[in-house]
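Trainee: The following block contains a protein sequence and its predicted model.
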Amino acid sequence: MNNFGHALRYFVNDMIPMILFLAIFMTTKDILLATGFGIAVGAGQVAYGLARRRPIGALQWASLALVALFGTATLLTHNPRFVMFKPTAVQAILGAVMLRPGWMERYVSAEQRDAARPLLTAFGFVWAGLMFLLAGLNVLLVVAVDPLTWAQFHLFVPPISMAGLFLIQNVYMRMAAARYPS
């Protein structure tokens, strides 16, 4: 339960396409460039994983499919609202997937999975709740603010809230492992 580096590697990898998309959009103000780059990075990550014969998680496949769908709609219509709604779809789907016990097991080393399983299940539901909250906030932002304000929100609030929950979970699981060694 205390293999912080193992979990951090997957967490950061899952966040890279979104952060790069937002950073490019905020610096260039070019939604089409940022969208194309986001699609390319997501596809590149999956291709790299497949080339290295690494399993691609359901969450990563779902994220790639949605970025391709919403990104392509944005590129074809030149309407940023499509790509702005993408986080709502991604977060709602992720929230639904996260309601399934066991999805977090890839974030824990094989030696620790059995002991960690009850906590992973509980934190999986907490993660699902965070995803549903972020999805709802995104809908409000898409209809209420301009694309740049939306991007600024997404560059900071979701990654910080996810990093915060990640750290809380890791500390809690370390404390639980110390209290109840396997």
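Mentor: On my side now, so go ahead.

Trainee: Poorly predicted segments of the chain, please.
Mentor: Applying pLDDT under 70 to the chain flags residues 1-8, 11, 180-182.

Trainee: all strands of it, in order?
Mentor: Read by DSSP state E, the chain holds no strands at all.

Trainee: quick one: the helices in this structure?
Mentor: In the chain, the segments counted as helices under DSSP state H are 4-28, 31-51, 58-77, 80-98, 113-144, 147-179.

Trainee: want to try TSV for those helices, with mean neighbour count and distance to Met104 as columns?
Mentor: In short, each C-beta sits where N, CA and C put it, glycine included. Converted to TSV, the helices of the chain look like this (neighbours: other CB atoms under 10 Å; distance: least, CB to CB, whole Å):
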stretch	mean neighbour count	distance to Met104
helix 4-28	16	9
helix 31-51	17	19
helix 58-77	17	10
helix 80-98	20	8
helix 113-144	17	4
helix 147-179	15	9
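
Trainee: Let's have these in CSV, adding distance to Arg106.
Mentor: CSV is the format used below for those (distance: least, CB to CB, whole Å):
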stretch, distance to Arg106
helix 4-28, 7
helix 31-51, 12
helix 58-77, 9
helix 80-98, 12
helix 113-144, 9
helix 147-179, 14
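
Trainee: of all these, which lies closest to Glu105?
Mentor: Ranking the helices of the chain by their distance to Glu105 (criterion: CB to CB) puts helix 113-144 first, at 5.3 Å.

Trainee: elements contacting the closest one?
Mentor: helix 80-98, helix 147-179 (3 or more CB pairs under 8 Å, 6 or more residues apart in numbering; DSSP states H and E).

Trainee: Tell me which residues are up against the shortest one.
Mentor: Outside helix 80-98, the residues that touch it by CB atoms under 8 Å, 6 or more residues apart in numbering are 18, 31, 35, 38, 58-59, 62-63, 66-67, 70-71, 73-74, 103, 124-125, 127-132, 134-136, 138-139, 141-142, 147, 150, 154, 158.

Trainee: Having no further points to raise, I will conclude here.
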